[in-house]
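In: What follows is a predicted structure for the sequence shown.
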Amino acid sequence: MQRSIRTFYEAVKIMQHLPREGIPVIRYINVKSRTRTEFIDITEKVQELLKEAGLVSGIGYLYVPHTTAAVTINEGADPSVQRDILTLLNRMIPFEGDYLHKEGNSSAHIKASLIGPSLSVMIDEGRLVLGTWQSVFFCEFDGPRHRRVAVKFLSDKKMP
Amino acid sequence: MQRSIRTFYEAVKIMQHLPREGIPVIRYINVKSRTRTEFIDITEKVQELLKEAGLVSGIGYLYVPHTTAAVTINEGADPSVQRDILTLLNRMIPFEGDYLHKEGNSSAHIKASLIGPSLSVMIDEGRLVLGTWQSVFFCEFDGPRHRRVAVKFLSDKKMP
Amino acid sequence: MQRSIRTFYEAVKIMQHLPREGIPVIRYINVKSRTRTEFIDITEKVQELLKEAGLVSGIGYLYVPHTTAAVTINEGADPSVQRDILTLLNRMIPFEGDYLHKEGNSSAHIKASLIGPSLSVMIDEGRLVLGTWQSVFFCEFDGPRHRRVAVKFLSDKKMP
């Protein structure tokens, strides 16, 4: 049976009837921070996991299972941007202060909640959909440590 | 074959067996900011894209592919709220300072990571599930510029 | 027909062909805050909703439909961490100031956008995938009030 697609959104509505597939697997990226506060670019590692999974279109979820670290997206071209973000955060939220928590890392816990532990990124044509200047960063606020970032993909397209 | 549904959660478990459909399309909302820092209400534009897609139930993803802008949800009724948020952010994170990045917009990069580039909103009965006072805002931190916001929907229900 | 699975990623690619199911239901957790700014641990309540839904693997979405509250993930073991986060936020973003919004809660609106209204958490083996020290917190910034948190799950696996 032939069907003419008259509009863009009619095409979308047809595609909506394609079944979606999930990938019931959580992958982890291992990260080793080398100083107290640090941004580590993990864009290529996320992209590699996506390629291995063979996903074409959908959503990628990034999650940091730590309480003194976070994940963000910002400029990757000039490392000065990362340093300016950290410098300002360390000034706004000082390492030392009248904190109640006895482990000496309250500053890191506060930064972790401000930047946040989770991000969603769109996927199209097998690639993360990032802006021209965007990179994905693991944010260390209480290093140096061994850390990890959880990555999971949901597909909205049948694999070819 | 008739089936009696005894509990709410039995009903949920039956619904879980309905296939879901994805919408392998990313849409973009174009935004034109007119000043250096500014909130622009995009709630109705997101709602229009949702209506065009014909989605009934699922999740909507919003993503800003820029490194000096963000997306947030806050009060839309009184514009003073938006101005108070921007005033406080501009005071906490000054435009001028001992920044290393030479483009003069480090303040905007910092704000972008604090507010964040991605948001997820639930969809029910073909509408974004927002609180009474909530609106979706594009946050300009380095305007004026032409910008865009990526929007993608995942459905969890068969279309009627 | 027998099939040998030679690699991990071949197994993943097979699993990708399993249909996913959505749960077209939004659940709500009711929260009663007792003071002006407060973190309330809702981890067990989210976990209970997940168990009732019978979900095995997927993503859980948390959403606060209020403009003076938020949701975050941070350390649950030592309550001093929650107090340190609130103390620092209340100092950075004072309750009183030259705010334009006349309701006297601009500080709460600002905090709500900084911490954020939405979070995504991975689900595996019927459990939220949280780090050892992580708990999910509703963040009250303008209490005491009756509040609620919306919870929705997307599954990526057929139920057994």
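Out: Looks like it arrived, so ask away. Numbering: from 1, shown residues only, chains lettered A, B, ... in the order given.
In: Enumerate every residue touching the residue nearest in space to the middle of chain A.
Out: With distances taken as CA atoms, centre = their mean, the residue of chain A nearest its centroid is A:Leu62 (4.0 Å). Residues counted as contacts of A:Leu62 (CB atoms under 8 Å, 6 or more residues apart in numbering or on different chains) are A:46, A:71, A:118-121, A:136, A:149-151. (C-beta placed from N, C-alpha, C; glycine too.)
In: try 10 Å
Out: By CB atoms under 10 Å, 6 or more residues apart in numbering or on different chains, the contact list for A:Leu62 reads A:29, A:42, A:46, A:71-73, A:117-121, A:136, A:138, A:149-152, B:118, C:120, C:122.
In: Then A:Ala69?
Out: A:Ala69 sits next to A:31, A:33, A:37-38, A:40, A:108, A:111-112, A:115, A:117, A:138-143, A:145, A:147-149, C:131 when contact means CB under 10 Å, 6+ apart.
In: What pLDDT does the model give it?
Out: What the model reports for A:Ala69 is a pLDDT of 98.
In: Return the distance of it relative to A:Phe138.
Out: For A:Ala69, the distance to A:Phe138 equals 7 Å [CB to CB, to the nearest Å].
In: overlap in contacts of these two?
Out: Common neighbours of A:Ala69 and A:Phe138, counting by CB under 10 Å, 6+ apart, are A:31, A:33, A:38, A:40, A:147-149.
In: and the biggest helix by length in chain A, what other elements does it pack with?
Out: Among the segments of chain A that qualify as a helix by DSSP state H, the longest is helix A:79-92. The contact analysis (3 or more CB pairs under 10 Å, 6 or more residues apart in numbering or on different chains; DSSP states H and E) places helix A:79-92 against strand A:38-41, strand A:69-75, helix A:106-115, strand A:134-140, helix B:79-92, helix B:106-115, helix C:79-92.
In: one more time with 6 Å
Out: Using 3 or more CB pairs under 6 Å, 6 or more residues apart in numbering or on different chains; DSSP states H and E, the elements in contact with helix A:79-92 are helix B:106-115.
In: Tell me which strands the next helix or strand after the helix it packs on pairs with, and in which orientation.
Out: Note on helix B:106-115: by DSSP states H and E, the next helix or strand toward the C-terminus is strand B:118-124. In its sheet, strand B:118-124 lies beside strand B:58-63 (antiparallel), strand B:127-128 (antiparallel), with partners assigned from DSSP bridges.
In: quick one, which of those strands is packed in tightest?
Out: Of all the strands paired with strand B:118-124, strand B:58-63 has the most neighbours on average by mean count of other CB atoms under 10 Å in any protein chain shown, namely a mean of 24.
In: Of the contacts of A:Ala69, keep whichever come out buried.
Out: Listed as buried from those are A:31, A:33, A:37-38, A:40, A:108, A:111-112, A:115, A:117, A:138-143, A:147-149, C:131; burial here means 16 or more other CB atoms under 10 Å in any protein chain shown.
In: what comes up buried for the longest helix of chain A?
Out: Residues of helix A:79-92 classed as buried: A:80-89, A:92 (neighbour count, 16+ other CB under 10 Å).
In: same question, stretch A:33-47
Out: Neighbour counts using 16+ other CB under 10 Å place A:33, A:36-40, A:42-43, A:45-47 of stretch A:33-47 among the buried residues.
In: Rebuild the residues you listed as a markdown table, extending it with distance to A:Asp98.
Out: What follows is the buried residues of stretch A:33-47, written out as a markdown table (distance: CB to CB, whole Å):
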| residue | distance to A:Asp98 |
| --- | --- |
| A:Ser33 | 27 |
| A:Arg36 | 20 |
| A:Thr37 | 21 |
| A:Glu38 | 26 |
| A:Phe39 | 28 |
| A:Ile40 | 31 |
| A:Ile42 | 35 |
| A:Thr43 | 38 |
| A:Lys45 | 39 |
| A:Val46 | 39 |
| A:Gln47 | 43 |
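In: Pick out the most distant pair among those residues.
Out: The span of those, defined through CB to CB, is set by A:Arg36 and A:Gln47 at 27.9 Å.
In: So what pairs up with the residue nearest to A:Gln47 when sequence neighbours are not counted in the strands?
Out: Sequence neighbours aside, A:Leu128 is the residue nearest to A:Gln47 in space, at 6.0 Å (criterion: CB to CB, 6 or more residues apart in numbering or on different chains). With DSSP bridges as the criterion, A:Leu128 is bridged to A:Ile123.
In: hmm, back to that, how far away is the residue nearest to the centre of chain A from A:Met122?
Out: Applying CB to CB, the value for A:Leu62 to A:Met122 is 12 Å.
In: Single out the residue in chain A that lies closest to chain B.
Out: Nearest to chain B in chain A, going by CB to the nearest CB, is A:Asp156, at a distance of 2.1 Å.
In: What mean pLDDT does stretch A:40-55 get?
Out: On average, the pLDDT along stretch A:40-55 is 95.
In: and what of stretch A:118-129?
Out: Averaging pLDDT along stretch A:118-129 gives 96.
In: Then stretch A:151-160?
Out: 72.
In: go on, stretch A:80-100?
Out: 97.
In: Which strands or helices does the strand or helix carrying A:Tyr28 pack on?
Out: Per DSSP H and E, A:Tyr28 falls inside strand A:27-32. In terms of contacts (3+ CB pairs under 6 Å, 6+ apart), strand A:27-32 is packed against strand A:146-155.
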